[in-house]
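*Asks:* Sharing a sequence plus its predicted fold:
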Amino acid sequence: MIRRKGFTLVELLVVMVIIALLMGLLFPAIQAARESARKTSCRNNLYQLSKAVLNYEASRTRFPSSWRPPAAYKVGDANVAGWSTQAQLLPYLEQKATHSEINYNLPYSDDSFVVTTADGEDVRLSALRVPTYLCPSEVRDEMRDGTHYPLNYAVNLGVWFVWDPETGKGGDGAFYPNSKLTAGDFLDGQSFTMAFAEVKAWNAYYRNAGLAAADLADIPTDTEICGLGGEFKPNSGHTEWVDGRAHQIGFTTVFPPNHRVLCTEGVAYDVDWNNQQEGKSPTIPTYAAVTARSYHEGMVNVAMMDGSVRPIEDNINVGVWRALSTRRGQEIMPDSF
């Protein structure tokens with residue numbers, strides 16, 4: 001009798017189970033390796049940004065502002081579209097060709113800012129993708145409405161108060177509108193003051209509630225944010241790297257990293273809040289609750305003003321988190337955080 005060689009059904013099922021078990025073990029390891037690589041790339045981007053800030057200061061004897069208005073701007077002007085820190089840093093990030101297209105005598109929104117890329121395509125300057133401004137973990141690395149490109153690294157605007165357009169007074173962070181800060185202004189030390197932190201693009205936010213400073217004297221809780229009002233935008237926060245307004249290129253430390261501020265607009269959104277867009281009103285101050293967020297579980301990466309980069313866990317004490325965002329609070333820091 002001729003015996004046929006082959007697997008029995010039971011043997012085949014055993015092999016399939018073994019393969020499935022091996023794949024179940026391998027996939028998490030592969031995903032972990034990929035996430036580790038993304039974190040490393042993310043930290044490298046932050047390192048490049050912090051070095052760019054230091055090189056900017058070395059060449060100009062001052063640090064860039066969060067919002068740079070056109071040359072003709074006067075304190076109290078309204079409806080002014082100012083350039084972001086990120087736009088000002090371009091020549092220090094090997095983006096001199098892109099930076100050469102900027103005319104700071106004009107607002108970033110001017111229709112003349114159209115560039116031709118190497119493949120012959122005409123693109124608005126604001127819609128160019130700048131790789132250094134994007135984390136590999138960003139789930140929506142894509143242009144917005146053909147006019148803007150998002151970012152994942154925001155500048156430190158301090159705790160809560162950002163800017164008063166009537167007086168020109170700025171907040172307690174490393175950057176604020178029209179600032180001209182020098183190294184001597186960082187009484188806390190540049191190694192204890194954040195420059196950048198991660199943020200998620202396409203975030204929901206409220207803007208232009210238009211409240212007076214007296215109504216905003218106290219830092220709000222997350223439940224109070226929803227009652228402060230303003231115009232609701234469901235998915236366009238941190239989608240404009242050229243726009244120097246708080247909800248686009250900045251973060252504040254009202255809430256610790258990755259804290260969810262849930263407000264209901266039909267459905268629940270994790271929101272940011274900006275009392276008044278910088279440059280929109282000659283009298284209404286900007287206060288902002290714009291939270292640092294990342295796609296890395298349990299933490300965000302931050303860059304300090306001395307050029308160093310470090311992870312900050314979500315469970316950091318909120319007092320320490322806020323102290324890291326002030327340049328001259330003269331807080332006594334703990335040994336580790």
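*Replies:* Okay, I see it.

*Asks:* use CA for all of it now, contacts and neighbours both
*Replies:* Will do.

*Asks:* what about the helices in this structure?
*Replies:* Using DSSP state H, the helices of the chain run over residues 9-60, 85-88, 96-99, 222-225, 246-249, 318-323.

*Asks:* what does the average pLDDT come to for the third one?
*Replies:* In this case it means helix 96-99. Mean pLDDT, computed over helix 96-99, is 93.

*Asks:* Just the C-alpha atoms of that helix, please, in CSV.
*Replies:* Taking C-alpha atoms only, helix 96-99 is exported to CSV below (Å, rounded to 0.1, in the frame of the first residue of the first chain):
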residue,chain,number,x,y,z
LYS,A,96,16.9,79.7,4.5
ALA,A,97,15.3,79.3,1.0
THR,A,98,11.8,79.3,2.6
HIS,A,99,12.7,82.1,5.0
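
*Asks:* I'd like to know which elements that helix is packed against.
*Replies:* In this structure, helix 96-99 makes packing contacts with no helix or strand, judged by 3 or more Cα pairs under 8 Å, 6 or more residues apart in numbering; DSSP states H and E.

*Asks:* what bridges to the nearest residue to residue 170 once chain neighbours are set aside?
*Replies:* Leaving aside its chain neighbours, residue 170 sits nearest to residue 163 (4.4 Å; criterion: Cα to Cα, 6 or more residues apart in numbering). On the basis of DSSP bridges, residue 163 is bridged to residue 170, residue 286.

*Asks:* looking at the helices of the chain, which is buried most?
*Replies:* Greatest average neighbour count among those goes to helix 246-249 (a mean of 30), per mean count of other Cα atoms under 10 Å.

*Asks:* what's the average pLDDT for it?
*Replies:* pLDDT averaged over helix 246-249 gives 98.

*Asks:* can you give me how far that helix is from the chain middle?
*Replies:* Once both centres are worked out by Cα atoms, centre = their mean, to the nearest Å, helix 246-249 turns out to sit 7 Å from its chain's centre.

*Asks:* ditto for stretch 296-309
*Replies:* 12 Å.

*Asks:* Can you tell me what sits against stretch 91-105?
*Replies:* For stretch 91-105, the surrounding residues in contact (Cα atoms under 8 Å, 6 or more residues apart in numbering) are 48-49, 52-53, 55-56, 69-72, 83, 87-88, 90, 113, 115, 125, 132.

*Asks:* what do you get for stretch 139-148?
*Replies:* 124, 126-129, 134, 149-150, 201-202, 239-241.

*Asks:* among the residues you listed, who's most crowded?
*Replies:* residue 150 (30 neighbours; other Cα atoms under 10 Å).

*Asks:* roughly how far apart are that one and residue 91?
*Replies:* Residue 150 sits at a distance of 19 Å from residue 91 (criterion: Cα to Cα, to the nearest Å).

*Asks:* Same question for residue 326.
*Replies:* Noted for residue 326: a distance of 27 Å to residue 91, by Cα to Cα.

*Asks:* More neighbours: which of these two?
*Replies:* When residue 326 and residue 91 are compared for neighbours, residue 326 comes out ahead with 26 against 16, by other Cα under 10 Å.

*Asks:* what about the more buried one, distance to residue 228?
*Replies:* Counting by Cα to Cα, the gap from residue 326 to residue 228 is 24 Å.

*Asks:* For residue 70, which residues are in contact?
*Replies:* Residue 70 touches 80-83, 104-107, counting by Cα under 8 Å, 6+ apart.

*Asks:* Tell me the pLDDT of the residue lying closest to it once chain neighbours are set aside.
*Replies:* Spatial nearest neighbour of residue 70, excluding adjacent residues (Cα to Cα, 6+ apart): residue 105 at 4.7 Å. pLDDT recorded at residue 105 is 94.

*Asks:* repeat for residue 12
*Replies:* 70.

*Asks:* what does the one 10 residues further on give?
*Replies:* Note for residue 22: predicted pLDDT of 72.

*Asks:* Repeat that for residue 117.
*Replies:* So, for residue 117, pLDDT stands at 90.

*Asks:* From what I see, it and residue 123 are in contact.
*Replies:* Yes - counting by Cα atoms under 8 Å, residue 123 is a contact partner of residue 117 at 7.3 Å.

*Asks:* Give me the more crowded residue out of those two.
*Replies:* residue 123 (16 against 11).

*Asks:* And the pLDDT at the more buried one?
*Replies:* 92.
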